[in-house]
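> Any chance you can model this:
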Amino acid sequence: MSGASALVYGYVRYGRPARRLGRAKQGQSLAEMQQVLAQSPAEGDWFKMHGRVHCPNPVMAPLSGLACAYVDVTYARRHMHRRKLHAKATPEERRRQERRERRRWSKQELNAGGCECFHERLSAPWTLQIKSGDHVVVDMNGSQLELEQIIDRHTIQESVLRNDAPVLVLGRVRTDLSGDVLRVGPSAKGSRRSDGFLITTRTEHEVTRALHYRWAGWSAMGVGLLGCAAAMARWRLQRM
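Residues are numbered from 1 along each chain as shown. Now for the predicted structure:
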């Protein structure tokens, strides 16, 4: 990867979302947002809204039993060829082998080679209850989800969006057909691509800090690569 590519990637992947989050308007009440939307284009305007998940008919998480608006469970099965122990292997040798296999498993990602993953996703309609007590309908299609991880074991992970949990939603808000309901969702109708639409259980400060740290890391790498390329070009010119 070249230095220019690293700089561009860092800005597009982390810098632009950080700037969008910082510049987005605060959505604290329906009346305020409707006033802004009256002067906005038809596709809506960007808002960041702090509130709580309100799900009238929540689904139950299969492992933790929590009432949730969204559940993502991953089961992993590893295709592993165990080393055969001789018939006279001592109990200590058998325990040592089991410890080695557990360490080997814990260092692998769930989607790495040799693993077979099964995903189970459960969801129910929910709204975001903002500071004023008003509700905003949330369309999760195309969103970047950052869920609360409840269970994280070697072969099972369960992440949830709990009912009544505090969340931060960043997305385009537009008026529904009735004119009385506000809906937040992706920019393009029916879009399945994340364009900055974020639903997270982290705080705004935590999200902003993580984006800036990663942006700074990619920028530093890009500047370093550009410096190395310049030094190499100067060295070649001096040898000519």
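> going forward, measure contacts between C-alpha atoms and count neighbours the same way
Noted.
> in this protein, which spans are strands?
Using DSSP state E, the strands of the chain run over 25-26, 45-54, 59-60, 67-78, 115-123, 127-130, 135-138, 144-146, 148-152, 156-162, 166-175, 182-185, 198-200.
> any idea of the mean pLDDT in the first one?
It refers to strand 25-26. Mean pLDDT, strand 25-26: 86.
> Sheet-wise, list the partners of that strand with their directions.
Looking at strand 25-26 with DSSP bridges, its partner strands are strand 45-54 (parallel).
> and if you look at the last one?
Using DSSP bridges, the neighbouring strands of strand 198-200 in the sheet come out as strand 144-146 (parallel), strand 166-175 (antiparallel).
> Ok, which of those comes nearest Gly222?
Nearest of the strands paired with strand 198-200 to Gly222, taken as Cα to Cα: strand 144-146 at 25.9 Å.
> which parts of the lengthiest helix in the chain are buried?
In the chain, taking DSSP state H as the definition, the longest helix is helix 204-239. By 16 or more other Cα atoms under 10 Å, the buried positions in helix 204-239 come out as 204, 207-208, 211-212, 214-216, 218-223, 225-226.
> and which of those residues is nearest to Pro17?
Closest to Pro17, out of all of these and judged by Cα to Cα, is Leu211, at 7.6 Å.
> pLDDT at that closest one, what is it?
Leu211 is given a pLDDT of 91.
> Give the rounded mean pLDDT of stretch 61-68.
90.
> Can you redo the strands paired with strand 198-200 as JSON lines, where the extra columns are distance to Ala67, mean pLDDT and mean neighbour count?
As requested, these are exported to JSON lines (distance: least, Cα to Cα, whole Å; pLDDT from 0 to 100; neighbours: other Cα atoms under 10 Å):
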{"stretch": "strand 144-146", "distance to Ala67": "17", "mean pLDDT": "88", "mean neighbour count": "16"}
{"stretch": "strand 166-175", "distance to Ala67": "14", "mean pLDDT": "88", "mean neighbour count": "23"}
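> Can you lay out those strands as JSON lines showing distance to Met232?
Conversion of those to JSON lines gives the following (distance: least, Cα to Cα, whole Å):
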{"stretch": "strand 144-146", "distance to Met232": "40"}
{"stretch": "strand 166-175", "distance to Met232": "44"}
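> Quick one, which of the ones you listed gets closest to Gln129.
strand 166-175 (9.4 Å).
> If I take the closest one and helix 204-239, what angle do their directions form?
Relative orientation of strand 166-175 and helix 204-239, computed by axes from the mean of the first three to the mean of the last three Cα atoms, to 10 degrees: 90 degrees.
> what angle do strand 166-175 and strand 156-162 make?
60 degrees.
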